[in-house]
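Engineer: Have a look at this prediction, sequence included:
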Amino acid sequence: MNIAQLLVRSAQVFADRPAILQGDRPLYTYAEFEDRVARLAHFLRDGHGLDAGERIAIFMGNRPEYLETLYATLWAGLVAVPINAKLHPREVRFILADAQARLLMTSSEHAADFTDPSEPLAGRCTAITCEGPAYLQALRGQRRKPVHRLPDDVAWLFYTSGTTGRPKGVMLSHRNLLTMTSCYVSDVDTPDERDAMVYAAPISHGAGLYGFACTLKAGRHLIPASGGFDPDELIALSRAPGRLTLFAAPTMVKRLVRRIADSGASPDGFRTIVYGGGPMYLEDIREALDVMGPRFVQIYGQGESPMTITVLPRHILGDRDHADWATMSASVGYAQAQVEVRIADGTGHTLGPGEVGEVLVRGDVVMLGYWRNPGATDEALRDGWLWTGDMGSLDARGFLTLKDRSKDVIISGGSNIYPREVEEVLLRHPAVREVSVVGSPDPEWGEIPVAFVVAEGVEPEALERLCLAEIARFKRPREYRFVAELPKNNYGKVLKTTLRKMLSS
Ligand code: AMP
C-alpha cells in the first residue's frame, strides 16, 4: 500500500477537519489538502514525464508547501528525498547527484543557489520554486489518482552522513513508513483529531516522519510561523490552538523547559513531547518532569530504523516513586511493538542481560539498504539484522541502556556531525598536517565538535573560514586545539578516546 493512502482515507472520511495550520491560522481542511496534493502529484509526475520510482528532492525550511510536496511525491509513486535545510549548497548538490534526482523542490530563499545557468544541477535535475508560477499553476491543474505501491517500493531516501564523510541514502519503503506509523500509535502516543502536531524540528527528519501518524488520525499539522523552534512561540501556540504534540531533540526540550520555568507559563497546552535522537541526561529529564509534568516520551531510533527501535513511555517516565525510576529513565526503554532488539558481540553471538555489545535490530521498520551502496548495505544488514553501530546493554526486563556509539558521530543539538567530514575539510588547508575532530560534552548542545590540529602558522580564523565555505555552519568546530602530534595506536589509528580524555583534563 502507498502510505499516501492515509491521506486519501482521512480526506474522504473527515473532509472538513482542519489539516494544515500555519501558526494559529487554519489554512486547509483535509479535503483541500488532498486536492492540492492530487494536483501537485499530476504536475510532478505527468507534467515532467517521470516514471514511478524517480526521485524528487525537497530542500526548503518547514512550511505548508513542504508537506504538500512530500505527500504529492508519494501519491505520484515517486521517491521523496528530503534534504536538511541547514546543509551547504555543495552538500545539497552532492545529494542531488547521488540520488539522481529529477526535480529539486525548493523555496525562493534557497533557489538562487540552484538556478544559476552557469552551474547546472547534475543529470537532468531542474529546480522548482514553491512560490513560483509553475507551482501555483499546478495547483489549478489536473488531479491524478494515487499510484499503487508494493510494500518494498522505496518511498523516502533519508540522507544520513556516513563515517566516510559522504552522505548515504537510506532507502525507506512504504512498508517501513507504515510500520513506523503503526508503532507510533501503539507505543509512543495515541493522538486524535483534536491534537496538533507541531513541526518545531525539521520536516526532513524525525518530525516529518512522525507527521504520517497525524494524517492517519486526521489531526492538525501545525507549522509554526517561524518555521522552527522558538520556545515563546510554542508557549503561545500551546494556549491556542493548544493540545500540542511535538518531536524534539533533547537540546530543544531543555530550552523549552527552561523558558516555561522562567516565564511561569502553564504547560497544560502541551499534550505530548517526544524526545530522542541523542542522549538526554537524567538531571534534565528530572527537571523537565518537575516543570511540565508527565508529558514526555523517549524514543530511540536511527535513519536506518526510522524513529523506531525502543520507547520509554510517559507512564514510566512519570512514575517518580518507582524504586527503579532512575535506572529506567536513564535507559532508552524497551523494544517497540514491531521491533526485535538484541545485543551481540562482534561475531553476532547474542549477549546476556547486562553485557555490553552492539545493538542489533530486526523488523519491518528496518531499511531496505543504502541507495546504490551495496558495500555499506552488506555491512549494516547482516543475517537479517540491522547493526546499528550503537553500543548498549539490555537488562532482564528488556530495558536498553546505550553506553556509547561505536561510530564516532557527534550529536549537537539533535543534528549529527560526522567527524571525518569535518576533518576532510580542515585537511584541505595547506598548513594542516593532521586533524581529528571529537565531541565535547556541552550543557546547551549535548555535544560540540572540537578539532585537534597538527599545523604550523595557521590561525583558528582561517580554519573557521574554510569550514564555513565548505560545510554547514552547525558542523564547524567550536574550538581548535593545536597539538604537536595526535595520539595513535600501533596501527597508526588516531585514539579518539584519548583525545576525549584530553578534553576533560
Ligand atoms: P540518525 O540516524 O540521524 O537519526 O541518528 C541516530 C543515532 O542517534 C542513533 O544511532 C543513536 O546513536 C542516537 N540516538 C537516537 N536516539 C537516541 C536516544 N534516545 N538516546 C541516545 N542516543 C540516541
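Structural biologist: In hand now; what should we look at?

Engineer: use CA for all of it now, contacts and neighbours both
Structural biologist: Noted.

Engineer: Quick one: list the elements packing against the helix or strand hosting L468.
Structural biologist: For L468, the enclosing helix or strand under DSSP states H and E is helix 460-470. Contact here means 3 or more C-alpha pairs under 8 Å, 6 or more residues apart in numbering; DSSP states H and E; on that basis helix 460-470 packs against helix 419-426.

Engineer: again, only this time at 10 Å
Structural biologist: Here helix 460-470 touches helix 89-99, helix 419-426, strand 479-482, going by 3 or more C-alpha pairs under 10 Å, 6 or more residues apart in numbering; DSSP states H and E.

Engineer: Show residues contacting that helix.
Structural biologist: The contact list for helix 460-470, computed with C-alpha atoms under 10 Å, 6 or more residues apart in numbering, reads 87-91, 422-423, 425-429, 431-432, 453, 473-482.

Engineer: which stretch in the helices and strands packed on helix 460-470 is the model least sure about?
Structural biologist: Among those, helix 419-426 has the lowest mean pLDDT, at a mean of 86.

Engineer: follow-up on the earlier one: quick check: buried residues in the helix holding L468?
Structural biologist: Within helix 460-470, the residues that count as buried by 16 or more other C-alpha atoms under 10 Å are 463-464, 466-467, 470.

Engineer: Taking helix 89-99 as reference, get the angle to that helix.
Structural biologist: 40 degrees (axes from the mean of the first three to the mean of the last three C-alpha atoms, to 10 degrees).

Engineer: Please work out the average pLDDT along helix 460-470.
Structural biologist: Rounded to a whole number, the mean pLDDT of helix 460-470 is 95.

Engineer: what angle sits between it and helix 419-426?
Structural biologist: Compare the direction of helix 460-470 with that of helix 419-426 by the same axes, to 10 degrees and you get 110 degrees.

Engineer: Can you list phi and psi of the residue most central in space within the chain for me?
Structural biologist: By C-alpha atoms, centre = their mean, the mean C-alpha position of the chain lies nearest to H205, the distance being 2.9 Å. Phi and psi for H205, reported as degrees, to the nearest 10, are phi -120, psi -140.

Engineer: which stretches of the stretch 201-350 of the chain aren't confidently modelled?
Structural biologist: The model of the stretch 201-350 of the chain has no residue with pLDDT under 70.

Engineer: Next secondary structure element downstream of whatever helix or strand Q137 lives in?
Structural biologist: Assigned by DSSP H and E, Q137 falls within helix 133-138. On the C-terminal side of helix 133-138, the closest following helix or strand by DSSP H and E is strand 154-161.

Engineer: could you check the angle helix 89-99 makes with that following strand?
Structural biologist: 140 degrees.

Engineer: where exactly do the strands run in the stretch 351-500 of the chain?
Structural biologist: Secondary structure of the stretch 351-500 of the chain (DSSP state E, counting those that start in this stretch): strands located at 357-363, 369-370, 381-382, 385-394, 400-405, 410-412, 415-417, 432-442, 446-455, 479-482.

Engineer: and the fourth one, what does it pack onto?
Structural biologist: Right, the one you point to is strand 385-394. If contacts are counted by 3+ C-alpha pairs under 10 Å, 6+ apart, strand 385-394 sits against strand 296-302, strand 339-344, strand 357-363, helix 374-380, strand 400-405.

Engineer: Just put those in a markdown table and tack on distance to the ligand.
Structural biologist: Listed next are the helices and strands packed on strand 385-394 as a markdown table, based on distance: least, C-alpha to the nearest ligand atom, whole Å:
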| stretch | distance to the ligand |
| --- | --- |
| strand 296-302 | 4 |
| strand 339-344 | 13 |
| strand 357-363 | 9 |
| helix 374-380 | 12 |
| strand 400-405 | 6 |
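
Engineer: Output these in CSV, with mean neighbour count appended to each entry.
Structural biologist: Shown next, in CSV, are the helices and strands packed on strand 385-394 (neighbours: other C-alpha atoms under 10 Å):
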stretch, mean neighbour count
strand 296-302, 24
strand 339-344, 21
strand 357-363, 24
helix 374-380, 14
strand 400-405, 19
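
Engineer: Would you convert the ones you listed into JSON lines that also reports distance to A326?
Structural biologist: Compiled in JSON lines, the helices and strands packed on strand 385-394 are given as follows (distance: least, C-alpha to C-alpha, whole Å):
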{"stretch": "strand 296-302", "distance to A326": "14"}
{"stretch": "strand 339-344", "distance to A326": "22"}
{"stretch": "strand 357-363", "distance to A326": "22"}
{"stretch": "helix 374-380", "distance to A326": "32"}
{"stretch": "strand 400-405", "distance to A326": "12"}
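
Engineer: And for G352, the neighbour number?
Structural biologist: 15 (other C-alpha atoms under 10 Å).

Engineer: how close does it sit to V37?
Structural biologist: From G352 over to V37 the distance is 49 Å, taken as C-alpha to C-alpha, to the nearest Å.

Engineer: ok, now which ones touch the residue nearest to Y159 when sequence neighbours are not counted?
Structural biologist: Excluding the flanking residues, the one nearest Y159 by C-alpha to C-alpha, 6 or more residues apart in numbering is G169, at 4.4 Å. Contact analysis of G169 by C-alpha under 10 Å, 6+ apart lists 81, 95, 98-99, 156-162, 303-304, 369-373.

Engineer: at 6 Å instead, please
Structural biologist: Listed by C-alpha atoms under 6 Å, 6 or more residues apart in numbering, the contact partners of G169 are 157-159, 370-371.

Engineer: Can you tell me which of those residues is closest to P313?
Structural biologist: F158 (26.0 Å; C-alpha to C-alpha).

Engineer: For that closest one, give the beta-bridge partners.
Structural biologist: Counting by DSSP bridges, F158 forms beta bridges with V170.

Engineer: longest helix in the protein, by residue count?
Structural biologist: In the chain, taking DSSP state H as the definition, the longest helix is helix 30-45.

Engineer: List of residues touching that helix?
Structural biologist: 11, 15, 17, 19, 68, 72, 76, 138-139, 141-144.

Engineer: For the ligand, what's the nearest residue on the stretch 51-200 of the chain?
Structural biologist: Going by C-alpha to the nearest ligand atom, the ligand is nearest to T160 of the stretch 51-200 of the chain, at 6.2 Å.

Engineer: Spit out the contact partners of that residue.
Structural biologist: By C-alpha under 6 Å, 6+ apart, the neighbours of T160 are 167-168.

Engineer: I'd like to know which residues of the stretch 151-300 of the chain are adjacent to the ligand.
Structural biologist: Residues of the stretch 151-300 of the chain found near the ligand (C-alpha under 6 Å from any ligand atom) are 276-279, 298-300.

Engineer: looking at this, E233 is in a strand?
Structural biologist: No: assigned with DSSP: H, G, I helix; E, B strand; the rest coil, E233 falls outside any strand and is helix.

Engineer: neighbours of it, just the number please.
Structural biologist: 15.

Engineer: Need the nearest residue in space to it, chain neighbours excluded.
Structural biologist: P224 (7.6 Å).

Engineer: so how far is the ligand from that neighbour?
Structural biologist: Taking C-alpha to the nearest ligand atom, to the nearest Å as the measure, P224 falls 22 Å from the ligand.
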